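> here is my input; please provide its structure:
(chains A and B)
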Amino acid sequence: MRELRIIIWYGLVTLFVVGVLVFPYLASSFILRLAILILYWAYLGQCWNILSGYAGQFSFGHSAYFGLGAYTSTLLLFKWGLNPWIGMFIGGIVAMCGGIFIGFLCFRYRVRGVYFALATLAFAEILRLIAINSAFVRKSMGIQIPLRRVDSWLHFQFETTTIPYYYIILAMVLGSILVVRMIERSKLGYYFKAIHQDEEAAASLGVSLLRYKMVAMGISCFMTALGGTFYAQYFFFIDPDLVFGVEVSIEMLLRPIVGGVGVLWGPLVGALVLTPLSEITRTIIRDPPPFLPFLFPLKGRSGVDLMLYGLIVIFVIIFMQRGIMGLIQNQRRRLEKQTQDEELFA
Amino acid sequence: MALLEVKNVSKSFGGLRALNNVTVELNKGEILAVIGPNGAGKTTLFNIITGYYRPDGGQILFKGKNITGLEPHEKCFRGIGRTFQLVKPFEEMSVFDNVMIGSFNRTRNREDAQRQTQEILDFTGLKERRNKLASELTIVDRKRLELARALATKPEILMLDEVMTGLTPAESDAAQDLVRNIRSNGLTILIIEHVMRAVMRLSDRIIVLHYGEVIANGSPKEISQNERVIEAYLGRGSFA
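All right, here's what the predicted structure looks like:
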């Protein structure tokens, strides 16, 4: 009986893995692009989650590090023809340095909570304004990735197909989950959570607040920048508003907030829920199908999907403060408690 | 040489002198209580020793080394553990994980930390509640957890800020037994208490603070008969 269950379990897992792997060859291009977006936001959400979910330092300006990554690799490619894979890594280092600089300023002078969020927002805005006004990065015209006309894994560029991007971002998501899992199980993860919950108590138990906040910042910013390079290589175009804009920061933090802040699977779950919702409402409102006549007056108007977004976030914040995963965890705890009680009184 | 020496420490908040030239010595292996009425400067002294405040003047020596003005986590690492008067458990962590944070002070290794955490939970009697969230504990157990966490950092000096306050007599007895057990494991203990009765039986020596100054220093018996102490607690002429 038990063996059968294990076999079924392994069977399901194998089926799922195979499904995820062959999926791009079966899906339509719309679905494939949607899947890439889901994974892409899950990845960025996870990066934000390390600093803000685990270590509790709420960043409202992660687009700064995203943009640093995108601009670094793109400029290196555009000006000197450097391979984007190498550029991606260098972008990560640049963003990490930027993050540690801002982190040091904030954490050293005990900038916390809302004020930290504002400082990060300001940093992103400063970078956006610098980019808009620098001829070196072609101001607000943005930079077009030089196209090679040949699909190439070596050069991280595919014009005729999006399938490779799916595998790349899938690998990035798996990597990010693995990294966070490792953090969770190590001293680092315990210290992050301690800082999140009570800084004074953490300090009294030997946790160096400055040091561990900086570590969280460094890891988070490095990983966010990799996402920036992916963006540039996937869409072939960046400009200051697209990569440094506040929209990026907001989209990045919405997934983990809806899915579960400081929870391993939170960003992925949030991305699975929010991304299709936003894409589908956008498509439906742009061109309402005949069976939804009441949507005709909205046809062609932009921003309705954003309003829906706002509503969902308000709902989540009011009714499930720890996101979807938080809800599931509470339920599980309650069940465990119930069975414990039943055993006790049986 | 004393294990911990507080030398001529002063601290003011605005115009208010919270501590004035306070000198305290803590010897290895003793249980020292610092008592005094509300506002006497006990908690200020405590926070200066543990690094939460910086003194305006004076020095703090630990094993002969100057540790004045070090950050709280550095003091913890050197071997001064503390609890908070208003307990500060990590509410959304299990009791086990709360103690784990303390255990990581002396190791990077997860298994080592887990082993030590188990020992501490056994010792402090929290074993049965290890999987509960800290927010689900009663106040007595929260105080126990506070103590367990500080012990897990492997301190040489354990500083307890009003652990007895708010406990019933039976609970207070249990807490006193626990503190004595900790001492017999080789730790030195500094207790801050508002209520005299609780520390009379427990401590080897008592120091009385009043308006930021040390007004008495001696055995519990001497302190209970000291006229200045009685006056400070009850007010001048209340027995007249």
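> all strands for chain B, in order.
B:4-13, B:16-26, B:31-35, B:57-62, B:65-66, B:80-82, B:157-161, B:188-193, B:205-210, B:213-218 (DSSP state E).
> quick check: which of those strands is nearest to chain A?
Closest to chain A of those, according to CB to the nearest CB: strand B:80-82, at 5.2 Å. C-beta coordinates here come from the backbone N, C-alpha and C atoms, glycine included.
> how near is the most centrally placed residue in chain B to A:G56?
In chain B, the C-alpha closest to the average C-alpha coordinate belongs to B:L160, at a distance of 1.9 Å (CA atoms, centre = their mean). Taking CB to CB, to the nearest Å as the measure, B:L160 and A:G56 are separated by 28 Å.
> so the residue nearest to the centre of chain B touches B:L147, yeah?
Yes. Between B:L160 and B:L147 there is a contact under CB atoms under 8 Å: 7.3 Å.
> what sits in contact with each of those two?
The overlap between the contact sets of B:L160 and B:L147 (CB atoms under 8 Å, 6 or more residues apart in numbering or on different chains) consists of B:T83.
> what residues does chain A put near chain B?
Selection of chain A residues close to chain B by CB under 8 Å from any CB of the partner chain yields A:185-187, A:190-191, A:193-194, A:197-198, A:200-209.
> can you say which of those residues are buried?
Among these, those that count as buried by neighbour count (16 or more other CB atoms under 10 Å in any protein chain shown) are A:187, A:190-191, A:193-194, A:197-198, A:201-209.
> just the ones of these in helices?
Of these, the ones assigned to helices by DSSP state H are A:187, A:190-191, A:193-194, A:197, A:201-204, A:209.
> could you dump these to JSON lines with pLDDT?
Written out in JSON lines, the entries for these read as follows (pLDDT from 0 to 100):
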{"residue": "A:K187", "pLDDT": "97"}
{"residue": "A:Y190", "pLDDT": "97"}
{"residue": "A:Y191", "pLDDT": "98"}
{"residue": "A:K193", "pLDDT": "97"}
{"residue": "A:A194", "pLDDT": "97"}
{"residue": "A:Q197", "pLDDT": "95"}
{"residue": "A:A201", "pLDDT": "96"}
{"residue": "A:A202", "pLDDT": "97"}
{"residue": "A:A203", "pLDDT": "96"}
{"residue": "A:S204", "pLDDT": "96"}
{"residue": "A:L209", "pLDDT": "96"}
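> closest to B:V199 among those?
A:S204 (21.9 Å; CB to CB).
> who's in contact with the closest one?
The neighbours of A:S204, taking CB under 8 Å, 6+ apart as the test, are B:50, B:72-73, B:76, B:81-82, B:84, B:88, B:150.
> cutoff 7 Å now
Contact partners of A:S204, counting by CB atoms under 7 Å, 6 or more residues apart in numbering or on different chains, are B:50, B:72, B:76, B:82.
> B:M1 - nearest residue in space that isn't next to it in sequence?
B:G64 (5.9 Å; CB to CB, 6 or more residues apart in numbering or on different chains).
> if I look at that neighbour, how far off is B:E5?
B:G64 sits at a distance of 8 Å from B:E5 (criterion: CB to CB).
> hey, C-alpha coordinates of the lowest-mean-pLDDT helix or strand in chain B in CSV?
Across the helices and strands of chain B, mean confidence by mean pLDDT, DSSP states H and E is lowest for helix B:196-200: a mean of 80. Backbone C-alpha positions of helix B:196-200 (Å, rounded to 0.1, in the frame of the first residue of the first chain) are rendered in CSV as follows:
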residue,chain,number,x,y,z
MET,B,196,13.4,43.5,46.8
ARG,B,197,11.7,40.3,48.1
ALA,B,198,12.4,38.3,45.0
VAL,B,199,16.2,38.8,45.1
MET,B,200,16.7,38.5,48.9
